[in-house]
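Trainee: Whatever this is, show me its structure:
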Amino acid sequence: MGLWDQRLAFQWVNDNVDAFGGDPSRITIFVESAGAMSAHLHSLYPENRGLFQNVISESGTATFPFGVDRDHLPATRILAEQLECRTDTNEDIFLCLESVETKRFVDVLENIADNAVLAAQVLFAPSIDGELIVRYYKETIKIPDCDEMKFMRELNYINGVNAHEGAVWVPMLAANQNGSIDDIKVSKAVVSMFMPMMLGSMYPGQNIPSAVSDLIDYEYTNWANPEDSGAMDPNGDGPVTWPKYTLKTMQHLIIDEEDSIGQRLYTKEYQFGRETVPALLQAIENGGHT
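Mentor: Have a look, this model is predicted:
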C-alpha cells in the first residue's frame, strides 16, 4: 500500500495547499477500496494529527481480514513454490527469491493474478511494524482510551459501502473465462465457483472444508429464486435524512432511487462471517465436528 509514502503526500499537501488557495485546517481524504483501508490505518496513527481533519472512506476498513497481516510467510511460501524455489527453510526461500530474474518474477505474478484461488492466497498486506501499526486493529478498537482511538474520534469520519460490493470480482471472472465483462452473467453457479477464492481472502491461512463452503453458499441463497445472485439487498423506504451514527442507534443512510435509513448494517452477515464460520472452522480443527 505504501503507507509511509502516503503519509509523505499528506505532509506535502499540508505544507503547500495554501499556495493553491486551500486551507491546511480543512484537509479531507476521500478514498475507496484499498485506499479506504489505508485511510483507516492513517486515522489510527496519532502522529498524523494535524495533517488532515476529515475522512470519506468507501468500501474498506483496516479491520478487513487482509487489511493487516501478522504473518507473510504462507503467501511467500506459495509464491516461492510457483517460482520453483526450494522451500525447506526460510533461508532457501529468501535466497531463491533474491536470485529470480525480474521478467520471470513478473510472468509468475501475472499467472497468479489470473488464477482466482492463487490470487487470494498470495496476498501481501501491511504488517505490524511497531510504529505506524502497533497492533492488530481488531484489538485496537477494543481499547477506547488508547491514543489511536482518541485520534480517530477527533476526525470527521464518513464510512460507506455499496449494496453490491461483490461486483468487484466480475472483472476477474471475465478474465478467467477469456470473455468480455459485458457478457458475464453472475449466477449462483458462478458465485459457488468463486466461493473458495473469497473464503481464502476472508480466512487467510485456514483450511476451508467443502462443507463450510457449502454452508456459506446455502446461507446466501435466495430460495425463492435460487439463481438470483443478488439475494442481499439492504434497501428500503424512508425519508431523506442522514442520521448520526452512534453505538446505541447504529443507524446509517442508504442512498438509492429512494433514500432510506437502515440500522445495524449487515449485522446478521457480520456475525455469520466473523463468529459462526470461524467457530465452526475452529471446532473442525479441534475434532469437534466431522
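Trainee: Select the helix or strand of the protein having the lowest average pLDDT value.
Mentor: None of the helices or strands of the chain scores lower by mean pLDDT, DSSP states H and E than helix 170-176, at a mean of 64.
Trainee: How confident is the prediction for Arg26, by pLDDT?
Mentor: Listed pLDDT for Arg26 reads 96.
Trainee: tell me the secondary structure for it?
Mentor: At Arg26, secondary structure determined by DSSP: H, G, I helix; E, B strand; the rest coil is coil.
Trainee: Confirm for me that it is in contact with Asn54.
Mentor: Yes: proximity of Arg26 to Asn54 meets the contact threshold set by Cβ atoms under 8 Å, at 7.4 Å. Where you see a C-beta, it was placed from the backbone N, CA and C, and this is true even at glycine.
Trainee: any idea how far Tyr137 is from the residue most central in space within the chain?
Mentor: In the chain, the centroid-proximal residue (Cα atoms, centre = their mean) is Phe64; its distance is 4.3 Å. Using Cβ to Cβ, to the nearest Å, Phe64 is found at 9 Å from Tyr137.
Trainee: pLDDT weak spots in the stretch 151-290 of the chain?
Mentor: Scanning the stretch 151-290 of the chain for pLDDT under 70 picks out 166, 169-191, 201, 204-205, 220, 222-223, 227-244, 255-259, 288-290.
Trainee: any idea where the strands of it begin and end?
Mentor: 156-160, 251-254, 260-263 (DSSP state E, counting those that start in this stretch).
Trainee: Check which residues of the longest one are buried.
Mentor: It refers to strand 156-160. Across strand 156-160, burial judged by 16 or more other Cβ atoms under 10 Å covers 157, 159-160.
Trainee: Give me the residues contacting it.
Mentor: For strand 156-160, the external contacting residues (Cβ atoms under 8 Å, 6 or more residues apart in numbering) are 36, 40, 43, 53-59, 61.
Trainee: Apply 7 Å and report the result again.
Mentor: Residues from elsewhere that reach strand 156-160 (Cβ atoms under 7 Å, 6 or more residues apart in numbering): 43, 53-58, 61.
Trainee: Off-centre distance for it?
Mentor: Its chain's average C-alpha position is 16 Å from that of strand 156-160, according to Cα atoms, centre = their mean, to the nearest Å.
Trainee: partners of it in the sheet?
Mentor: If you go by DSSP bridges, strand 156-160 pairs up with strand 54-58 (parallel).
Trainee: again with the last one
Mentor: Taking DSSP bridges as the criterion, strand 260-263 sits next to strand 251-254 (antiparallel) in its sheet.
Trainee: For the partner strand, C-alpha coordinates in CSV please.
Mentor: Listed next in CSV are the C-alpha coordinates belonging to strand 251-254 (Å, rounded to 0.1, in the frame of the first residue of the first chain):
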residue,chain,number,x,y,z
GLN,A,251,-28.2,4.0,12.0
HIS,A,252,-26.9,4.7,8.5
LEU,A,253,-28.1,6.3,5.4
ILE,A,254,-29.0,4.1,2.3
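Trainee: can I assume Met195 is in contact with Ser213?
Mentor: Yes: counting by Cβ atoms under 7 Å, Ser213 is a contact partner of Met195 at 5.0 Å.
Trainee: More neighbours: which of the two?
Mentor: Neighbour comparison, Met195 and Ser213: the larger count goes to Met195, with 18 against 15 (by other Cβ atoms under 10 Å).
Trainee: Spit out the contact partners of that one.
Mentor: By Cβ under 7 Å, 6+ apart, the residues touching Met195 are 213, 216-217.
Trainee: do that again at 6 Å, thanks
Mentor: Contact partners of Met195, counting by Cβ atoms under 6 Å, 6 or more residues apart in numbering, are 213, 217.
Trainee: For it, give its distance to Asp214.
Mentor: 9 Å.
Trainee: go on, Phe64?
Mentor: Distance, Phe64 to Asp214, by Cβ to Cβ: 24 Å.
Trainee: what's the neighbour count on Ser43?
Mentor: Neighbours of Ser43 under the rule other Cβ under 10 Å: 24.
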